[in-house]
Every structure is written in structure tokens, then in C-alpha cells.
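Participant: 3D, please:
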Amino acid sequence: MHSKLNIRPSQPQRRWLLILKRALLVVLSLLLILGADALVRMHRAEDGVPVLNYHQINDVDNNALTVKTDQFEAQMKYLADHGYHAITPAELTDAWDNGTKLPDKPVIITFDDGYMDNYKNAYPILQKYNLKATIFLISDFLDTYPNYLTWDQAAEMQQSGLIDFESHTLSHEELDKLSHEERMHQLEDSKKALEWHLQKKIEYIAYPCGDYTQEVQDDTRVAGYRAAFTVHLGYAEKDKPQYMLDRVPIFGGMSHMLERFKLRLEYAPAFVPYEDLRASLRAHGLTWLAGRINTP
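Facilitator: Residues are numbered from 1 along each chain as shown. The predicted structure follows:
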């Protein structure tokens, strides 16, 4: 007779199994909560408008802010082929404030900073597909640095009727880190410079680095802006404060760009809970865990 092997776990093993089960329950519960939140956000954002956010468009810089020229063209072609209509921030807020009708499948295409490659690479593609875009300019950088636009180039682009220019402050200072006086200088004098050079009213701004506080929002309103954009993932929605409008960043990833673009364009609100959780983990120093949460 062979005695049966004793395969019962030891006390320490049972303790670790219990901890593992509880951890798995917590993870599953969190995933269910995030999934439910994602569905709710998609439903609420049915009337939201995707505001795409780009920076550089070139084939030289391999950094998180750069999209390759052929990838950018593929994305613009996708918009044109699938019935999207590019609008301006003014058309969006006119619809919200005055009831002006928006076209079917509206989208806003934005660029931050005002790089020279926006003129050399992005602009011809936008012309090819007849798509409007908005460039948020750092006004002190034009005619100053060789990798940024000149005022003549900005005037040419504006004259085409496709490119709208708005503010990205005087010198790209993070507004939430400035004193009230310094912040008003960045907000007001950028607006004045752009209006003088471009002979148009400047009513919209993209916060540098996307950072803002309630004080930043209040000062932006006082400075005469009608709305402001962040880099927080999501659609621009009517029922949200107009000085903290979400956008859809199209940067930060260098592979599967068209597939990633389509997912972000059409389902950005569903990814917001996961992006917010990842940001929260990073803020608390849990960068390794944040890195395990992947979204398109």
C-alpha cells in the first residue's frame, strides 16, 4: 500500500494564496468599474467633438511630439475618406453658444507651438484634402527661431482660408507656475501681438504643457479669450467648462500610428478612465505600475 502524498499547502502558502485571490478580486473589480465608466463616458460624449492635437510633422525628429509626414497624410486621408468635416474653434463655440449648426462628423485639427514643418509638410497635405486646421502660436518665437514659422508664412497660410491661428502664449511659460501679473502678461500680450501681426481677433488659447488651475482659467477669461484647450484626453463637450476643453493627443507613440489614430479619433472618451488612472499612479510615484496600463 502506498501512502497518499500530502499536497495540502502550508500555512504560509495558504496565506499568500488568500492575498493573491484578494488582489485578483480587487483588480477585476477595478477593471469592471473602469469599463463601466468608459461606457458611460462614451454615451455622454455622443455630441462631443474630437479636437486632434499635433506638434511637429517631419521625417527627421524621432521624439514623442513628432508624427512622420506619410503617417500624417494617411490620417488626413482617413478623415477625408470617411466623411469628417474639419471646423475651427470658433465654429464649435458658435454652435454651443448660438445654436449654429455643425456639419456631420465634425473634427478640429490643431497644432501647438507653430513649427516650421507645419508650413512645409502639414500645410500642403491639408490643402490636398481641403481640411481646415488651427495652429496655436508662441508669438515671441515667430521670426526668432529657425524651426518656427515666420510672420509671412503665417499670413500666407491664413490667407488660404484653411489655417486659423490662435494663442499659445508669448513664450510657452507654464501658466500655473506664474504669478498673476506674469500670467496676464503671457495671456494678454500674446493676444495683442497676434492680433497686430495677423489682423484678426484672437479668442482661443492652448495652455502650454496643458497645465491649468482655476486661477489660470479665471485669468484666461479676463484676458478676453472665449475658450481654452488642454492636452487631457477626451472630446470637447458642451456641458464642460469652456476654459478646460479636452483634446485627443496624436503623439507619444511611434508605431501602428494609423490604427492608433482611428481608435483615438472614434473612442477617445472610453480611454479616459485608464489615462486618468495612469496619470494618478505616476503622480504618486508608481511609475512601474502606470507603465503596465496601456491605452492606444
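
Participant: show me where this protein has its strands.
Facilitator: 51-54, 56-57, 66-67, 85-86, 106-113, 133-137, 163-167, 204-206, 227-233, 245-249 (DSSP state E).

Participant: got the ones you listed as JSON lines, with distance to residue 97, mean neighbour count and mean pLDDT columns?
Facilitator: Heads up, the C-betas are built off the backbone N, CA and C, glycines and all. Listed next are these as JSON lines, based on distance: least, CB to CB, whole Å; neighbours: other CB atoms under 10 Å; pLDDT from 0 to 100:
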{"stretch": "strand 51-54", "distance to residue 97": "17", "mean neighbour count": "24", "mean pLDDT": "97"}
{"stretch": "strand 56-57", "distance to residue 97": "32", "mean neighbour count": "23", "mean pLDDT": "97"}
{"stretch": "strand 66-67", "distance to residue 97": "32", "mean neighbour count": "24", "mean pLDDT": "94"}
{"stretch": "strand 85-86", "distance to residue 97": "19", "mean neighbour count": "19", "mean pLDDT": "98"}
{"stretch": "strand 106-113", "distance to residue 97": "15", "mean neighbour count": "23", "mean pLDDT": "98"}
{"stretch": "strand 133-137", "distance to residue 97": "18", "mean neighbour count": "25", "mean pLDDT": "98"}
{"stretch": "strand 163-167", "distance to residue 97": "17", "mean neighbour count": "26", "mean pLDDT": "98"}
{"stretch": "strand 204-206", "distance to residue 97": "13", "mean neighbour count": "26", "mean pLDDT": "98"}
{"stretch": "strand 227-233", "distance to residue 97": "10", "mean neighbour count": "21", "mean pLDDT": "96"}
{"stretch": "strand 245-249", "distance to residue 97": "13", "mean neighbour count": "24", "mean pLDDT": "96"}
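
Participant: out of the ones you listed, nearest to residue 274?
Facilitator: Between residue 274 and those, the shortest gap by CB to CB is with strand 227-233, which sits at 9.3 Å.

Participant: tell me how far the closest one lies from the chain's centre.
Facilitator: Relative to the centre of its chain, strand 227-233 is centred 6 Å away, using CA atoms, centre = their mean, to the nearest Å.

Participant: and it with strand 106-113, angle?
Facilitator: Interaxial angle of strand 227-233 relative to strand 106-113 (axes from the mean of the first three to the mean of the last three CA atoms, to 10 degrees): 90 degrees.
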